[in-house]
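*Asks:* The sequence and its predicted three-dimensional model are supplied below.
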Amino acid sequence: MKPHSDQRRARSGGRSRSRARPPDLPTVVLVKPPLRVPRASYTTLACPPISLACLAAVLRRASFPVTVVDAVGEAPTRLAPMANPKYLRVGLSDDEIVRRIPPDARLIGFTSMFSEEWPLVREVVASVRRAFPDALLVLGGEHATAAPEACLADAAAIDLCVLGEGEATLLDLAHRVARGEDVGDVPGTAVREGAACRRNPARPRIRDLDALPMPAWDLLPLENYLSHGLGFGLNRGPSVPLVISRGCPYDCAFCSASRMWGRRWLVRSPDNVLAEMEAMILRYGARNFDIYDLTAIQRKDWIVEFCTKLIAKGWNISWQIPAGTRSEVIAGDIPDLLYRSGCRYLAYAPESGSEAVLRRVRKRLSMPGMKRSMRDALDAGVHIKCNMIIGFPEETPRDYLDTVRLCVELALLGVHDVNIGPFCPYPGSDLFAQLAAQGRIDRLDNAFFDKLASYSDLGRTESWAERFSSRELAAMRWAAMAAFYGTSFATRPWRLAGVIRDVATGRHNTRLARALGDILQRYRRTLASRLSGGDGAG
């Protein structure tokens, strides 16, 4: 397999790039495309792209010249209208992205994590291809891993997809480009084979996470994220993301993450994590760390050692697990240890109040045990959010009412936030495969990706449930949120005053305050742009 221009030369009898030549190291460029955000979204997910920082660090350690173009980080507050009026674009324009790519770039990688953003990612890749017809263009991330066949069929500009962890595969690709070798059989990739897609053998997972270099944040505009209070967790000061483990041993039917990271849970040593935190405190003045792991807390001995050593450091910083974690270990004396080490925010994922739904989606948990864990964490002073999903394909009205009852119970327990999201069939998940087999998903087109984007859209909800229409599910979503927050503020009225204070000060203690703050800032920027006669950019 050769890049586009070499394919043309091979067909015309010209000299192919696969011929051996001196191993000069090619310039590698990593691109974080801009975001495609629903106008009524309660979040922008404008988070520092730690995946690109990790990939850049591995390439640089191998002496490759590396450039990172973070289209979001370069312009995190710029909002521009899109052809589809339901969305706003956050970040740089295509022309600006192209201008930031060095002219000698020979390998350009794009990250595509969230499936609903694929239509914009595809456009960006096409723009880069027009400007760099000879470069090898590579796509990676969770969407690329889950649906490489669809990505290669939908984007002729892409040469291949990287499946799963990218460090070793991208390094292999860079070396082959340097040597002028064929890249069609690189393990851990998917490539075109005629009109079809061929998956090469999987690449073994990285077992020793401590051996990886620290993320190369100096190659990204991290300061822009810090100065604007952007990140995945609550805004508690300059926040830097961390990944301390990879893999999830669970097998939820609605989740596609195991395709990307595997089922075996691997973790860095506490000392290795603390060394990275110290470097971020000294270099960037970090005061908070957001842990992005799938399942951060799996072993009691690990979390005890980590918290004990972090307390001994005396850094007076906070840390959060906004992506969610398992509850089994968070019991007894662990919540108090978490709080004393600086943990201020945890996300739990009960998903549903219906035992029947939990069985169908293979969500293995003990609801009584999770509630005890939440109670212990709340007693220790940790703020709690719970993630819930409604509208699973076979969900019944009784299942939904069980979830509403759980929301009320959690509010009475003292849980601070709840997120009620509609079920979305993400490519790579078993429920996606089930719906596809039933003929309910026939192609991954723009209409499908627009439906996926409804999970964060307060003005639109798309239903995949057999018993609920989209309009009914939207009403059910608002009713469940009203049940939770109505109960919460009725039983703890001081919390409403706290939300108002947090939105006004920009220092958030709840996810609701963060969401309201994001919406308010986006409205102000859009209004200011309109008043100044702009095009919606801010």
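*Replies:* Perfect, I can see it now.

*Asks:* any low-confidence regions in the chain?
*Replies:* Within the chain, the stretches falling below the threshold (pLDDT under 70) are 1-23, 44, 526-538.

*Asks:* Walk me through the domains of it.
*Replies:* By the assignment in automatic domain parsing, the chain contains the domains 4-199, 231-424+462-492, 497-538.

*Asks:* mind putting these in TSV, distance to residue 216 and mean neighbour count included?
*Replies:* From N, CA and C alone the C-beta is placed, and that goes for glycine too. Putting the domains of the chain into TSV (distance: least, C-beta to C-beta, whole Å; neighbours: other C-beta atoms under 10 Å) gives the following:
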stretch	distance to residue 216	mean neighbour count
domain 4-199	4	20
domain 231-424+462-492	12	19
domain 497-538	28	16
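
*Asks:* can you list these in CSV and add distance to residue 438?
*Replies:* Written out in CSV, the entries for the domains of the chain read as follows (distance: least, C-beta to C-beta, whole Å):
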stretch, distance to residue 438
domain 4-199, 18
domain 231-424+462-492, 9
domain 497-538, 34
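
*Asks:* out of those domains, which comes closest to residue 435?
*Replies:* Smallest distance to residue 435 across those (C-beta to C-beta): 6.7 Å, for domain 231-424+462-492.

*Asks:* now do the same end-to-end measure for that closest one.
*Replies:* Taking C-alpha to C-alpha, to the nearest Å, the first and last residues of domain 231-424+462-492 lie 28 Å apart.

*Asks:* Centre of the chain to it, how far?
*Replies:* Remark: domain 231-424+462-492 is offset 14 Å from the chain centroid, using C-alpha atoms, centre = their mean, to the nearest Å.

*Asks:* same deal with stretch 425-442?
*Replies:* On the basis of C-alpha atoms, centre = their mean, stretch 425-442 sits 21 Å off its chain's mean C-alpha point.

*Asks:* again with stretch 33-53
*Replies:* Between the centre of stretch 33-53 and the centre of its chain there are 8 Å (C-alpha atoms, centre = their mean).

*Asks:* Now the terminal residues of it, how far apart.
*Replies:* 14 Å.

*Asks:* from here on, count from 30
*Replies:* Got it, the first residue is 30 from now on, which makes the last one we talked about stretch 62-82.

*Asks:* Which stretches in the stretch 280-429 of the chain count as strands?
*Replies:* 295-296, 317-320, 347-350, 372-380, 412-419 (DSSP state E, counting those that start in this stretch).

*Asks:* Distance to residue 59 added to the ones you listed, as TSV?
*Replies:* Shown next, in TSV, are the strands of the stretch 280-429 of the chain (distance: least, C-beta to C-beta, whole Å):
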stretch	distance to residue 59
strand 295-296	23
strand 317-320	21
strand 347-350	26
strand 372-380	28
strand 412-419	30
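
*Asks:* so which of those comes closest to residue 101?
*Replies:* Smallest distance to residue 101 across the strands of the stretch 280-429 of the chain (C-beta to C-beta): 15.8 Å, for strand 317-320.

*Asks:* From start to finish, how long is stretch 212-223 in a straight line?
*Replies:* Across its full length, stretch 212-223 reaches 16 Å end to end, with C-alpha to C-alpha as the criterion.

*Asks:* still on that earlier bit, nearest to residue 244, of the domains of the chain?
*Replies:* Residue 244 lies closest to domain 33-228 among those, at 3.4 Å (C-beta to C-beta).

*Asks:* Nearest to residue 249, out of the domains of the chain?
*Replies:* The closest approach between residue 249 and any of these, judged by C-beta to C-beta, belongs to domain 33-228 at 5.1 Å.

*Asks:* so what's residue 266 up against?
*Replies:* In this structure, residue 266 makes contact with 316-317, 347, 536, judged by C-beta atoms under 8 Å, 6 or more residues apart in numbering.

*Asks:* Try it again at 7 Å.
*Replies:* 316-317 (C-beta atoms under 7 Å, 6 or more residues apart in numbering).

*Asks:* Brilliant, that's me finished.
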